[in-house]
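> Take a look and give me a structure for this.
(one chain, ligands or ions: 1)
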Amino acid sequence: MHIIHLLTVIIWIGGLSFITIIVIPMLIRWDDPLQKAITFQSIEHRFAPIARIYNIITGVTGFVMVYLTGWYKLYHTAKGLPLLIMTLIWLVWFVMLFGLEPLIVKKMLDRMIKSGVKMEIEAVFARMNRMHWVLLTISLVASVAGIVFAHGYL
Ligand code: HEM
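Numbers count the residues shown, from 1 in each chain. Okay, here's the model as predicted:
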């Protein structure tokens with residue numbers, strides 16, 4: 001369980017880092033607004049369904065580990081604080097991937113392609129850029145919380 005949890009997190013957050021640090025800044029510098037909108041939309045449409053699978057695997061393996069070891073009791077202690085942080089951040093991701101992404105983000109990207117207006121595309125990119133940095137930051141916080149918890153640093 002531990003190995004699956006860790007490998008899934010590596011692939012998931014690694015992919016998110018690549019999109020946030022490499023892909024989005026590169027696309028922002030492209031001149032053709034429609035070309036960058038289409039490229040970003042196809043990357044995001046491919047990544048989002050896979051990220052949902054990573055989120056489920058991370059959650060299932062995490063909760064099974066908590067259940068098997070009885071660590072759920074730790075949620076109420078200071079030692080369990082990193083576990084609580086990891087769980088809450090996972091929940092933010094769950095709501096994002098299964099609620100907000102299909103309802104808001106996907107629609108926003110589709111509208112951006114249809115409108116093709118440069119101003120709107122730039123505004124959506126600025127918002128997407130900010131959103132990805134926030135998600136990457138909280139994911140790294142969850143990873144640090146996991147390491148602190150797994151290695152008993154608290
Ligand atoms: C955004 C979601 C999550 C991320 C990025 C994440 C990340 C991590 C990381 C990096 C570790 C450290 C492994 C190590 O150092 O060996 C870890 C361990 C752990 N995670 Fe998560 N995790 C997430 C969600 C969850 C959830 C939802 C649970 C269940 C409530 C959970 C339960 C655990 C447990 C119990 C460990 C300790 C394993 C051990 O000590 O063997 N995680 N996690």
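
> Mind checking if the lengthiest helix in the chain is in reach of the ligand?
Of all the segments of type helix in the chain, defined by DSSP state H, the longest one is helix 33-69. Yes: using CB under 6 Å from any ligand atom, helix 33-69 reaches the ligand at 58, 59, 62, 63, 65, 66. Heads up, the C-betas are built off the backbone N, CA and C, glycines and all.

> Chain neighbours aside, what residue packs nearest to the fifth one?
Computed as CB to CB, 6 or more residues apart in numbering, the closest residue to residue 65 that is not its neighbour in sequence is residue 1, at 5.0 Å.

> need the contact list for that neighbour.
Under the criterion of CB atoms under 8 Å, 6 or more residues apart in numbering, the neighbours of residue 1 are 61, 64, 65, 68.

> Not counting residues beside it along the chain, what's closest to the last one?
The spatial neighbour of residue 68 that comes closest, neighbours along the chain excluded (CB to CB, 6+ apart), is residue 1 at 7.5 Å.

> do the same with the second one
With CB to CB, 6+ apart as the measure, residue 1 is the residue that lies nearest to residue 64, at 5.5 Å, once sequence neighbours are left out.
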